[in-house]
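> what's the 3D shape of this:
(4 chains)
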Protein chains: 2
Amino acid sequence: MAVTIKDVAREAGVGLATVSRVLNNSGPVSPETRERVLAAARALGYVPNLHARSLVSRATGTVGLIIPDITNPFFPAVTRGVEDAASQAGYTVFLCNTDNDPAKEETDVRKLRERCVDGIIFVGSQARRKRLERLLQDGIPVVVTDREVPDLDADSVLVDNNWGARAAVRHLIDLGHTRIAHAAGHRQTPTGQDRYAGYCAALEEAGLPVDESLVFWGEFTIESGIQAGQVLLGRSPRPTAVFAGNDLIALGVIRAAREAGLRVPEDLSVVGFDDIPLAALVSPPLTTVRQPAYEMGRLAMTMLLERMSGRVTGAGRHHVFRPELILRGSTRPRSGQDLG
Amino acid sequence: MAVTIKDVAREAGVGLATVSRVLNNSGPVSPETRERVLAAARALGYVPNLHARSLVSRATGTVGLIIPDITNPFFPAVTRGVEDAASQAGYTVFLCNTDNDPAKEETDVRKLRERCVDGIIFVGSQARRKRLERLLQDGIPVVVTDREVPDLDADSVLVDNNWGARAAVRHLIDLGHTRIAHAAGHRQTPTGQDRYAGYCAALEEAGLPVDESLVFWGEFTIESGIQAGQVLLGRSPRPTAVFAGNDLIALGVIRAAREAGLRVPEDLSVVGFDDIPLAALVSPPLTTVRQPAYEMGRLAMTMLLERMSGRVTGAGRHHVFRPELILRGSTRPRSGQDLG
DNA sequence: TTTCTTTGTGGAAACGCTTCCAGTACGTTT
DNA sequence: AAACGTACTGGAAGCGTTTCCACAAAGAAA
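Numbering: from 1, shown residues only, chains lettered A, B, ... in the order given. Here you go, the predicted structure:
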């Protein structure tokens, strides 16, 4: 069937070991033998079988990327960052979508193990600590990205969500808003929790009360944002600003506001989180907190490469990116008529 | 290091073959032996090594997905469709981004071969016919998706770009527009070419001339759309409508129009292509031609599964989706003042 | 009782590769 | 002249599986 090293050896009239030496530049080979082997390999269209190789070398040139959903506009950039760094180093990446489903996370990790990945980049919702710990124990490095996994001694690439949320809410406060709602994301995720905590912190720092009726927990989706908008804008007195758990939620809130006859930003200021590519393109362009998605992916893969190469050992290293508040058109100072 | 079948055999006090039989449900095993083996496997945390297995079974449960760029909002949905179908069937997918670079396409195909994928879904720019033909010859099925590869006898999942473009332009003509520009995509891609052809066909059917000065060839990106807008809106007499090669280009054109002081759709109607998730969310919401991205990915993977299972053999099967014109707010009838 | 199935089991070969080990044929040193 | 590297080469073991084959035990048929 497929062309093997044996075929090449026969074609070139040499032994198996010699072919291997030529192909891997290991050990000495005379120039003319080398040329003969190379010619034979070319003529036969030989492609090495990495599975066979990995069986002896214990490395597959393969990593796994586990994310909730590639369809969420935050993740393509992360994925691209991972893939670029991986590809450059000769690695290939398995993509897994979990939809934040712990069971799917479980089976994905297992599938990746069976396929002998050299490492895993994990963006998970719930804490799958047990499974990941097993990986680490077995010498398969893991880099946790975007979402913390508590009590796991793995490398991590995170964003200071608390800081970002605080900056966003502080911005709204600076604009004169006092009734600021929070259209939060998933309650079970560290991401959702940290942003909520930052929201509370900013309010408290400004001496404003935290009104739980102005907090809506949902998902990180547009649909959830619409729902949040409907609920939150129904509160009385109506909030004049909303801090959304991410950009999709913000877009949903804006849509709900429109349907309720409210203008953004005239009647309602909205801040998002992520700075997805199209945040700048919607109307009004979204004021938001930028996460360096591409860089996060790239760094995560870089850290993973360092672990896999064995250059880095020991306790988990943690990199925390500082997000950046991007001012655009969806926020403005509170107008007088909103009072009361 | 890792737990192998041999460890399980020793732990359970049976032979290797018996363990294999239990794990694969092949051949007869007594109930109590089976239980003993299962218990041993569980106790040791045994995970099978698919590489070793594939060496003898010649199947890896692995496929490759080659796309231009996951960061282009059309592809996440395709990818998700592929992944869902794959994952459901127990497969895992390698993701490769090529940036439409033939050299990268080449090395990606090679990498996937080395990793012994059971099949490949290919979305490529240029025709990499040779390489793909080799794959097919060697019994590795390929499904070409979204973009045709001429003269290749592989399964394909396509969209009738010509029809979609014609529908879009016909819509503009029905609205009374006569000077209709085309902000085209990549000239080397079948996609770009087919949409251009559809644009021409619609004009000709309506008895309108095709004015090459109203056609701008670029890339499928926002930046290219901005550039196209700047050029096309500088023509005199100014076009009153633009058919864009895809949604990103359309967004770029709209942005350029705004910067030139034009309102959309009052002064300029714009139609896109793809119906990316946020097309409905920008302002004005984009009139566009919808491609069923998710379904395309899913179908491509389904067809690939059929080939890999050997259930389907013979000549390439081709599925062509009929796109759908989605009317939204970026188009409207030509107003009087635009005349002349 | 003997022979034949059937059921359960283990050994060993094979998958494609790397790597260790043992060679051969040289030219260099003593 | 003998002894010793040194450059090159091939055989064979082993990586973790599956699968073919042989074999033992036991019940069914002769």
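
> and residue A:22, how far is that from residue A:10?
Using CB to CB, to the nearest Å, we find residue A:22 at a distance of 14 Å from residue A:10. Every residue, glycine included, has its C-beta placed from N, CA and C.

> in the lowest-mean-pLDDT helix or strand in chain A, what's buried?
Within chain A, no helix or strand scores below helix A:129-137, which has a mean of 88 by mean pLDDT, DSSP states H and E. Across helix A:129-137, burial judged by 16 or more other CB atoms under 10 Å in any protein chain shown covers A:131, A:132, A:133, A:135, A:136.

> any weak-confidence spans in chain A?
Applying pLDDT under 70 to chain A flags the ranges A:1, A:126-128, A:336-340.

> at 90 instead, please
Counting by pLDDT under 90, chain A has low-confidence residues at A:1-2, A:26-28, A:100-102, A:124-131, A:133, A:148-151, A:188-190, A:277-278, A:280-284, A:335-340.

> so which residues of it form strands?
If DSSP state E is used as the criterion, the strands of chain A fall at A:62-67, A:92-97, A:119-122, A:142-145, A:155-159, A:180-184, A:215-217, A:241-244, A:269-274, A:287-290, A:318-321, A:324-326.

> can you give me the neighbour number for the residue lying closest to residue A:284 once chain neighbours are set aside?
Nearest non-adjacent residue to residue A:284, counting by CB to CB, 6 or more residues apart in numbering or on different chains: residue A:329, 3.5 Å away. For residue A:329, the neighbour count with other CB atoms under 10 Å in any protein chain shown is 14.

> circling back to that earlier point, using PDB, list the CA coordinates for the least confident helix or strand of chain A.
Written as PDB, here are the backbone C-alpha positions of helix A:129-137 (Å, rounded to 0.1, in the frame of the first residue of the first chain):
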ATOM      1  CA  ARG A 129      -9.000  19.400  37.500                       C
ATOM      2  CA  LYS A 130      -8.800  15.700  38.000                       C
ATOM      3  CA  ARG A 131      -8.400  14.800  34.300                       C
ATOM      4  CA  LEU A 132      -5.900  17.600  33.700                       C
ATOM      5  CA  GLU A 133      -3.900  16.600  36.800                       C
ATOM      6  CA  ARG A 134      -3.600  13.100  35.400                       C
ATOM      7  CA  LEU A 135      -2.200  14.500  32.200                       C
ATOM      8  CA  LEU A 136       0.400  16.500  34.100                       C
ATOM      9  CA  GLN A 137       1.300  13.500  36.200                       C
END
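
> hmm, it in reach of chain B?
Yes - counting by CB under 8 Å from any CB of the partner chain, contacts between helix A:129-137 and chain B involve residue A:134.

> kindly report the same for stretch A:77-86.
Yes - residues of stretch A:77-86 contacting chain B under CB under 8 Å from any CB: A:77, A:79, A:80, A:83, A:84.

> around chain B, which positions in the stretch 151-300 of chain A sit nearby?
Contact residues, the stretch 151-300 of chain A versus chain B (CB under 8 Å from any CB): A:222, A:251, A:255, A:277, A:278, A:281, A:282, A:283, A:284.

> again, only using 10 Å
A:222, A:247-248, A:251-252, A:254-255, A:258, A:276-285, A:293-294 (CB under 10 Å from any CB of the partner chain).

> just those that are near DNA strand D?
For DNA strand D, no contacts are drawn from these by CB under 7 Å from any atom of the strand.

> counting neighbours, what do you get for the closest residue to chain B within chain A?
Nearest to chain B, among the residues of chain A, is residue A:283, at 3.2 Å (CB to the nearest CB). By other CB under 10 Å, 16 other residues sit near residue A:283.

> and the spatially closest residue to it that is not a sequence neighbour, what is it in contact with?
The shortest distance from residue A:283 to any non-neighbouring residue, by CB to CB, 6+ apart, is to residue B:283 (3.2 Å). Taking CB atoms under 10 Å, 6 or more residues apart in numbering or on different chains, we find residue B:283 in contact with A:254, A:258, A:281, A:282, A:283, A:284, A:285, B:254, B:264, B:329, B:330.

> ok, now which ones touch the second one?
What it means is residue A:258. Residue A:258 is in contact with A:229, A:264, A:268, B:283, counting by CB under 10 Å, 6+ apart.
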